[in-house]
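**Q** A structural model of the following input is requested.
(2 chains)
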Amino acid sequence: MSTAVFTDRQAISRPSTLRERLDLSRRMTFIAAIVVVLLVGLLLSFIAWNGIQLFIRASVPLLSILSPDWAPSTDQFGILPFILGTIGVMVVAAIIATPLSVGLALFIAEVAPTWARNIIRPAMEIFVGIPSVVYGWLGLTILVPFLRTNFNVVGFNLGFSWFAGSLVLALMVLPTIASISYDALIAVPGDLRQASLALGTTRWQTLRHMLLRAASTGIMTAVVLGMMRAAGEALAVQMVIGNRPVVPTSLTQPITTLTSQITLDMGNTVGGSAWNDALWTMGLVLLVMSLGFVSLVRYLGRRSQLS
Amino acid sequence: MNRSLLADRIATITLWAIALFVVALLAGIIIHFLWASIGTLSIDFLTSDPSDFGVGGIGPLLWNSVYMLVLTLILTVPLGILGGIYMAEYARPSRITNTIRFCQELISSVPSIVVGLFGLALFVNATGWGFTAMAGALALTVFNLPLMARLVEQAIRAVPDDERQASLALGASKWTTITHVVLPIAIPGLVTAVILSAGRIFGEAAALIFTAGLATPTNYDFSNLNIFDSRSPWSPFRSTTTLAVYIWKINSEGLGSFVREIADASAAVLVIMVLFFNLAARAFGRFLQYRTSGV
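**A** Numbers count the residues shown, from 1 in each chain, chains lettered A, B, ... in the order given. Down below sits the predicted model:
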């Protein structure tokens, strides 16, 4: 393995000399770069080891965690409500955020005059930088009371709910999806745009039929990355979602997610207890989900390279 | 009017409306916090201890946030810059390079709460340190290191090859070329990388709850310079609740009747810091660009 660093499959010139092999600066920087691999190894093994203790130490049957019943006091550790809650909150957030984000990306890439672009692009960066507790606090003090008072009229009993969680998340992932979609849009060669316009299409026809289609893989990547961020977000969601461990059936219902349950219960449970082990198992589930997302992003990246 | 022209008109108006809406939303958030913190936010609020009976202050928490930021940067910046140099200048397509790249992507995608759990298992329990600033800073390093390395790599890759070739042609070694030619040109990018990750570290909370602790700090004695004394505010081995964690803590515990005022003003401080980091990154990058290249 270690020789692989020095071999170069695309070598144009010559094999590396002994002096280059002993190059100290190369070694030093290599060690710094490899630290991340070490960290990933440690992280995977620690989370995996603690995550399987529920089945080993507490000898809870493996498949019983897929039940909808979460009642740690009576040894029922069904984490299905949390998994479905995470997926539900994430999907609804993506449904709300995607049209706005892609619209915004189209605006910056194609429609905006320079002055508008000069306002929106820095604004996006600030948007991304606002800490998640601030979004959570905003949701708690502004959004939840707003939903509670204003939607009663149309028959919805909203407040702490699935919908509130998704709305806060949509706000948080909007700039992520917008800026990555923007990168995908401007990567589309200008020739295509001009060819399309030269056929006499309007700007909207060009955007819709050519540009969005040409950038579709990139936009999908953006949406996946946004969903990944939404699934992993903890504090903001925990503050507005209501934290009720039930299988989500309605947007108006208080539900919970993997992240918010870990946040809430980790400090209240004793390490080594089955309840505590179940929280680590939820952490492992989150880790497996992010592995899935990374693989999906990689797959989309390869696909866009091929085309 | 022609139907497709009408559709084009409607689309343009819609896109403008979306952009206006998003910008108004951001402006609204910033103005809301500035407005809500009027009357609370003062020098006294920023410097005094938290109180159970009144609005109190956030002095120790602000100190902890800055302390945590500096400690994390000390751990992240050298490793991140060296790692970025390797990936930009030395790495060739190989299995190890691919592995590093994959690990960087993976860590940036792991939820920060999971990084917090990892920190709890390794830096809090396995080391026996308990909830400490060091454990928190190491957890923050876990997901800031790959980010920093990626940003540094991009900054270094953006340096034109002519510069390297000119230096090598003069007989400079590869390392001399990197330290004396490539890095000085890449400095604006490096500074931006550091400031952007600083903003992220400052606002992070989920990864710190289980690593740096939740104790409300009071009575810091700054004359105690013994960094191994867990009562000293200079010590990395003490429980270190940061401002972002504090906002979450006070409203999850629901203590005191001034939660709203304290959290609004604290959130305003965080938002102002984010604005500051962002503007500083831009201004400093532009300034250094001017200094080094004169453009």
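
**Q** Tell me the residue of the stretch 1-150 of chain A that sits nearest chain B?
**A** residue A:131 (2.7 Å; C-beta to the nearest C-beta). Placement of C-beta: from N, CA and C, glycine included.

**Q** Hmm, residue B:273 and that residue touching each other?
**A** No - counting by C-beta atoms under 8 Å, no contact exists between residue A:131 and residue B:273, whose distance comes to 9.0 Å.

**Q** Quick check: neighbours shared by the two?
**A** With contacts defined as C-beta atoms under 8 Å, 6 or more residues apart in numbering or on different chains, the residues shared by residue A:131 and residue B:273 are B:202-203.

**Q** any low-confidence regions in chain B?
**A** Judged by pLDDT under 70, chain B has its weakly predicted residues at B:1, B:254-256, B:292-295.

**Q** what's the neighbour count on residue B:10?
**A** A total of 11 residues lie near residue B:10 under the criterion other C-beta atoms under 10 Å in any protein chain shown.

**Q** Need the phi and psi values for residue A:76.
**A** phi -110, psi 110 (degrees, to the nearest 10).

**Q** okay, it: pLDDT?
**A** Residue A:76 carries a pLDDT value of 87.

**Q** Bridge partners for it, pull those for me.
**A** residue A:71 (DSSP bridges).

**Q** Return the residues in contact with it.
**A** By C-beta under 8 Å, 6+ apart, the contact list for residue A:76 reads A:64, A:67, A:69-70.

**Q** now with 10 Å?
**A** Contact partners of residue A:76, counting by C-beta atoms under 10 Å, 6 or more residues apart in numbering or on different chains, are A:60, A:64-65, A:67-70, A:278.

**Q** Keep only those of the residues you listed that are in strands.
**A** Counting by DSSP state E, those place residue A:70 in strands.

**Q** most neighbours, which of the contacts of residue A:76?
**A** residue A:278 (28 neighbours).

**Q** how about the strands of the stretch 151-300 of chain A, start to end?
**A** Along the stretch 151-300 of chain A, counting by DSSP state E, counting those that start in this stretch, no stretch forms strands.

**Q** Okay, now the unreliable bits of it?
**A** Looking at the stretch 151-300 of chain A by pLDDT under 70, you get A:153-157.

**Q** Show me where it has its helices.
**A** For the stretch 151-300 of chain A, helices defined by DSSP state H, counting those that start in this stretch occupy the ranges A:162-186, A:190-198, A:203-205, A:212-214, A:216-232, A:235-240, A:258-265, A:274-306.

**Q** Which one, of these, ends up nearest to chain B?
**A** helix A:216-232 (2.7 Å).

**Q** need the contact list for residue B:55.
**A** Per C-beta under 10 Å, 6+ apart, neighbours of residue B:55: B:39-40, B:42, B:44-45, B:48, B:256-259, B:261-262, B:265.

**Q** Doesn't it belong to a strand?
**A** No - counting by DSSP: H, G, I helix; E, B strand; the rest coil, residue B:55 falls outside a strand, being coil.

**Q** Spell out which residues sit in contact with the residue of the stretch 1-150 of chain B found nearest chain A, please.
**A** Chain A sits closest to residue B:111 of the stretch 1-150 of chain B, with a gap of 2.7 Å, by C-beta to the nearest C-beta. Taking C-beta under 10 Å, 6+ apart, we find residue B:111 in contact with A:86, A:228-229, A:231-234, A:258-259, A:262, A:283, A:286-287, A:289-290, B:117, B:143, B:206-207.

**Q** Please type out the PyMOL selection for whichever of these turn out to be buried.
**A** Selection of the buried residues among the contacts of residue B:111 in PyMOL, burial being defined by 16 or more other C-beta atoms under 10 Å in any protein chain shown:
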select buried, (chain A and resi 86+228+229+231+232+233+234+258+259+262+283+286+287+289+290) or (chain B and resi 117+143+206+207)
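
**Q** Which among the contacts of residue B:55 count as buried?
**A** By 16+ other C-beta under 10 Å, the contacts of residue B:55 give B:40, B:45, B:48, B:256, B:258-259, B:261-262, B:265 as buried.

**Q** Let me have those in CSV, extended by distance to residue A:139 and secondary structure.
**A** Formatted as CSV, the buried ones among the contacts of residue B:55 follow (distance: C-beta to C-beta, whole Å; DSSP: H, G, I helix; E, B strand; the rest coil):
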residue, distance to residue A:139, secondary structure
B:40, 20, coil
B:45, 24, helix
B:48, 29, coil
B:256, 21, coil
B:258, 20, coil
B:259, 15, helix
B:261, 18, helix
B:262, 18, helix
B:265, 18, helix
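
**Q** Need the max-distance pair from those.
**A** Largest separation among the buried ones among the contacts of residue B:55 by C-beta to C-beta: B:48 and B:259, giving 17.0 Å.

**Q** Just the element for the residue nearest to residue B:124 when sequence neighbours are not counted, please.
**A** Spatial nearest neighbour of residue B:124, excluding adjacent residues (C-beta to C-beta, 6 or more residues apart in numbering or on different chains): residue B:135 at 5.0 Å. Here residue B:135 is covered by helix B:133-157, with elements defined by DSSP states H and E.

**Q** Tell me how many other residues surround residue 74.
**A** Here I'm looking at chain A. With other C-beta under 10 Å as criterion, residue A:74 counts 7.

**Q** Chain B was what I was after
**A** Other residues within reach of residue B:74, judged by other C-beta under 10 Å, total 13.

**Q** Run the angle between the particular helix or strand that has it in it and helix B:133-157 for me.
**A** Element membership for residue B:74 (DSSP H and E) is helix B:59-85. For helix B:59-85 against helix B:133-157, the angle by axes from the mean of the first three to the mean of the last three C-alpha atoms, to 10 degrees is 40 degrees.

**Q** which parts of helix B:59-85 are buried?
**A** Buried, per 16+ other C-beta under 10 Å, within helix B:59-85: B:59-65, B:67-69, B:71-73, B:75-77, B:79-85.

**Q** That helix packs against which elements?
**A** In terms of contact count using 3 or more C-beta pairs under 10 Å, 6 or more residues apart in numbering or on different chains; DSSP states H and E, helix B:59-85 is assigned the packing partners helix A:24-51, helix B:43-47, helix B:133-157, helix B:183-203, helix B:206-209, helix B:243-253, helix B:259-293.

**Q** Mind doing that once more with 8 Å?
**A** helix A:24-51, helix B:43-47, helix B:133-157, helix B:183-203, helix B:243-253 (3 or more C-beta pairs under 8 Å, 6 or more residues apart in numbering or on different chains; DSSP states H and E).

**Q** Of the helices of the stretch 151-300 of chain A, flag the one that's most buried.
**A** helix A:235-240 (a mean of 29; mean count of other C-beta atoms under 10 Å in any protein chain shown).

**Q** For the nearest residue to residue B:191 once chain neighbours are set aside, give me its contacts.
**A** Sequence neighbours aside, residue B:284 is the residue nearest to residue B:191 in space, at 5.3 Å (criterion: C-beta to C-beta, 6+ apart). With C-beta under 8 Å, 6+ apart as the criterion, the residues that contact residue B:284 are B:188, B:191-192, B:195.

**Q** now do residue B:194
**A** With C-beta under 8 Å, 6+ apart, residue B:194 has these contacts: B:73, B:77, B:148.
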